[in-house]
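Colleague: For reference, the sequence and a predicted model appear below.
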Amino acid sequence: MEFSIKSGSPAKQRSACVVVGVFEARKLTVAAEMLDRAAGGRIGEILRHGDMDGKAGSTLLLHGLPGTLCDRILLVGLGKEKEFREKEFSAAIRTAIRTLNDTGAFDACLFLTEVPVRKRGTAWRIRQAAMAARDAVYRFDQFKSRKDDVRRPLRKITFTVERRSELAAAEAAMAQGNAIAEGSALARTLGNLPPNVCHPSYLADSARRLADEFGLACEILERHDLEALGMGAFLAVASGAHQPPKLIVVSYRGAPDDEAPVILVGKGVTFDTGGISLKPAADMDEMKFDMCGAAAVIGTLHAAARLSLPVNLTVIVPATENMPGGNASRPGDIVTSMSGQTIEILNTDAEGRLLLCDALTYAERLGPALVIDVATLTGACVVALGNIATGLFSNRETLARDLLAAGDVAHDRAWHLPLWDDYQELLKSPFADMANVGGRYGGAVTAACFLSRFTRKFPWAHLDIAGTAWKSGSDKGATGRPVPLLMHFLLERCGRLS
Ligand code: BES
Ligand code: MN
Ligand code: ZN
C-alpha cells in the first residue's frame, strides 16, 4: 500500500474512489459539501432518502455522480460532530480503508484527513491516518493453508490537505506515520508468531537481519557470555529451558558518536509457563506474548532507523523461555545479579524482573542518556489499568511527563503510577538483599520498585505493557503497542514532531 499527499477539490479528482465524511445527522463535511454542490445536490438528496445518516462506522458507496471525475464516492459516517476526537478520527480512517479494500478500487483519495480534530493539526491527522490505514490492513495468516485473500486490494491512497502550503509538513508526517506503522507491524508479527517458532534464537536472528538491513551494530551474547558477566538473575530464568538464552544488543547511531544513547530494554520471554511456580492451564497460550516488550523495542528501532532520526539508540533484549524442568530454579533459590545484589526467588513466575535487572545493569555500562524498559511484567497492571493504558513508572519526573505527553499525542496512552520508597519494604527478604515478589497487593508497583534498585545511576522509565501489548478473545493478537508512544517520544526529542 502506497501513500501520497495532495491538495485540491474533491470534484476534480480522477480517482477510483473519493472518500468524504458525513456527520450525524446527515451533516456534510466541507469536502462532502463541495462534492454535493458539484453534483447538483445529489448527495444531500440521497441522504434525505434515508440511505445514511452519518452514524459512526456506517458507509455508503455511490456510483456515477454527475459533476465529478471519480468512478465512485464513499461516504463515511463520522458520528456526532461534537464527539469527533482522536479515537473517532482513526476509526473513520480504518472504516474507510476496510470498505475500500472490499470495493475493488485500486486507488482512493481520502478527504477525511481534512476533517478537524480538536487540538490536533494537519501533521497529526496525516501521521495518524497513515498509521491507522496500515493497521487496518495488517494480517497474520502465514500459518493458514487457505488465506482469505482480498480480490483486488487497495494499492494507492492519497490523503488530502486543505492548503498547498501544508504539503511539505504533511509529507514528513506521512513518512513518520508510515515508519511507525511498519515498526508496529513488525512488533505485532513477532508477538503473534507461535512460541515454537519465535524462541530466543529467532529473536536474535530477527535483530541480526534488521541490523544488516540498516547497517547497524549487532551483538548477540550467548550463555557463556552471560556467565562471564555474572548475570545470575537472567541465567536463573533460563536454567529450566532447552532453548539457549540470548542477550541481544543492537545499536543505531544517528547522532554524533559522543552523544550518549537512548537505551530501550525489552522483556523477551518467548514463553512464560511460570516455571516451577507453574501457571494454570487456562489461557496459557497467551504467554507467547510475553516477548512483546522485546518486539516493541525492535519495532521502534526499525522505525527510527527507517526515518534516519538524529539520535543514538540502543536496544537490549534479554531473551529466554521460562520453563519448568530438572534444572529450573526453585522457589527459595538465592541468585546474585550482575549488580552484585542478591535476590531470593520466592516465585519463579516473577521472572521478567530477573532478566530485566541484569539487562538494566548492562545498560548502565553503556553510559546511557536515559533508559526505558518495556515489559509485559505484571497481571496486577492489567487489573489496575485494563487494556487501555500502559503503566508508567520513572525515577525522573521530567521523563515521566515527556512519555505521558508522547503517549497522549500518539493516542497510545500511559498512566503514571507511584514509585514511592514506602513500597520498597515489601521486597524485604530474611535471607537475601531482596525478594523477587512483594506479596499480594500493589504488584505492578512492587515489580517497578524491584527494577528501580538497578537503575539508580541513570534516568529511567518502566512501561508495564501487560494489558496493552495484546488483545484476548475473538480478535486475539499483538497490538504493536507501545511503538507509537516510543516513536513520538523520540520524534519530539529530535525536534521532529510537528
Ligand atoms: N508475564 C507475566 C505477567 C502477565 C500475566 C502479563 C498475565 C499478562 C497477563 C509475568 O511474568 C508474571 O507471571 N507475573 C506474575 C508476578 C507475580 C508472581 C508476582 C503475575 O503478574 O502474576
Ligand atoms: Mn511470569
Ligand atoms: Zn512473564
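Modeller: Here it is on my side, so go on. Ligands and ions are numbered 1, 2, ... in the order given.
Colleague: all helices for the stretch 151-300 of the chain, in order.
Modeller: For the stretch 151-300 of the chain, the helices defined by DSSP state H, counting those that start in this stretch cover 167-192, 200-214, 223-229, 232-238, 292-306.
Colleague: Please identify the buried residues of the second one?
Modeller: Going back to what we said before, that points to helix 200-214. Neighbour-count burial for helix 200-214 flags 200, 202-204, 206-208, 210-211 (criterion: 16 or more other Cβ atoms under 10 Å). (Glycine included, C-beta is placed from N, CA and C.)
Colleague: so which of the helices of the stretch 151-300 of the chain is the most packed in?
Modeller: Greatest average neighbour count among the helices of the stretch 151-300 of the chain goes to helix 292-306 (a mean of 29), per mean count of other Cβ atoms under 10 Å.
Colleague: for the stretch 351-498 of the chain, what spans make up the strands?
Modeller: Taking DSSP state E, counting those that start in this stretch to define them, one finds strands in the stretch 351-498 of the chain at 370-375, 390-394, 414-416, 434-435, 460-464, 470-471, 477-478.
Colleague: Quickly list what the residue nearest to residue 103 when sequence neighbours are not counted is bridged to.
Modeller: Counting by Cβ to Cβ, 6 or more residues apart in numbering, residue 103 lies nearest to residue 61, which is 6.2 Å off, once chain neighbours are set aside. With DSSP bridges applied, residue 61 shows beta-bridge pairing to residue 74.
Colleague: ok, how many other residues are close to residue 61?
Modeller: Neighbourhood size, residue 61 [other Cβ atoms under 10 Å]: 15.
Colleague: Also residue 363?
Modeller: 26.
Colleague: Just the element for residue 22, please.
Modeller: Using DSSP states H and E, residue 22 sits in strand 17-24.
Colleague: go on, residue 143?
Modeller: According to DSSP H and E, residue 143 maps onto no helix or strand at all.
Colleague: Distance check, the closest residue to it other than its chain neighbours against ligand 2.
Modeller: The shortest distance from residue 143 to any non-neighbouring residue, by Cβ to Cβ, 6+ apart, is to residue 194 (7.3 Å). Using Cβ to the ion, to the nearest Å, residue 194 is found at 18 Å from ligand 2.
Colleague: before we move on, what about residue 229?
Modeller: In this view, residue 229 and ligand 2 are 23 Å apart by Cβ to the ion.
Colleague: contacting residues for that residue?
Modeller: Residues near residue 229 by Cβ atoms under 8 Å, 6 or more residues apart in numbering: 221, 338, 358, 362.
Colleague: hmm, 7 Å instead?
Modeller: Contacts of residue 229 were listed using Cβ atoms under 7 Å, 6 or more residues apart in numbering, and they are residue 338.
Colleague: Adding mean pLDDT and distance to residue 84, write the strands of the stretch 351-498 of the chain out as JSON lines.
Modeller: Formatted as JSON lines, the strands of the stretch 351-498 of the chain follow (pLDDT from 0 to 100; distance: least, Cβ to Cβ, whole Å):
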{"stretch": "strand 370-375", "mean pLDDT": "99", "distance to residue 84": "31"}
{"stretch": "strand 390-394", "mean pLDDT": "99", "distance to residue 84": "25"}
{"stretch": "strand 414-416", "mean pLDDT": "99", "distance to residue 84": "24"}
{"stretch": "strand 434-435", "mean pLDDT": "98", "distance to residue 84": "50"}
{"stretch": "strand 460-464", "mean pLDDT": "99", "distance to residue 84": "29"}
{"stretch": "strand 470-471", "mean pLDDT": "98", "distance to residue 84": "25"}
{"stretch": "strand 477-478", "mean pLDDT": "98", "distance to residue 84": "27"}
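Colleague: picking that back up, average pLDDT for the strand holding residue 22?
Modeller: Averaged across strand 17-24, pLDDT comes to 98.
Colleague: got the contact list for that strand?
Modeller: For strand 17-24, contacts defined as Cβ under 7 Å, 6+ apart pick out 10, 28-29, 31-32, 35, 52-55, 70-81, 92, 96, 100, 103, 105, 108-112, 115.
Colleague: Nearest to residue 458 among the buried residues of helix 200-214?
Modeller: residue 207 (22.9 Å; Cβ to Cβ).
Colleague: Quick check: the gap between the closest one and ligand 1.
Modeller: Going from residue 207 to ligand 1 by Cβ to the nearest ligand atom, to the nearest Å gives 21 Å.
Colleague: ok now do that residue, which residues does it touch?
Modeller: Per Cβ under 7 Å, 6+ apart, neighbours of residue 207: 218, 248, 250, 298, 317.
Colleague: Spatially, what comes nearest to it if we skip its sequence neighbours?
Modeller: Setting aside the residues directly before and after it, residue 207 is nearest to residue 248 in space (Cβ to Cβ, 6+ apart), at 4.7 Å.
Colleague: Now mean pLDDT too, for the helices of the stretch 151-300 of the chain, in a markdown table please.
Modeller: A markdown table is the format used below for the helices of the stretch 151-300 of the chain (pLDDT from 0 to 100):
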| stretch | mean pLDDT |
| --- | --- |
| helix 167-192 | 98 |
| helix 200-214 | 98 |
| helix 223-229 | 98 |
| helix 232-238 | 99 |
| helix 292-306 | 99 |
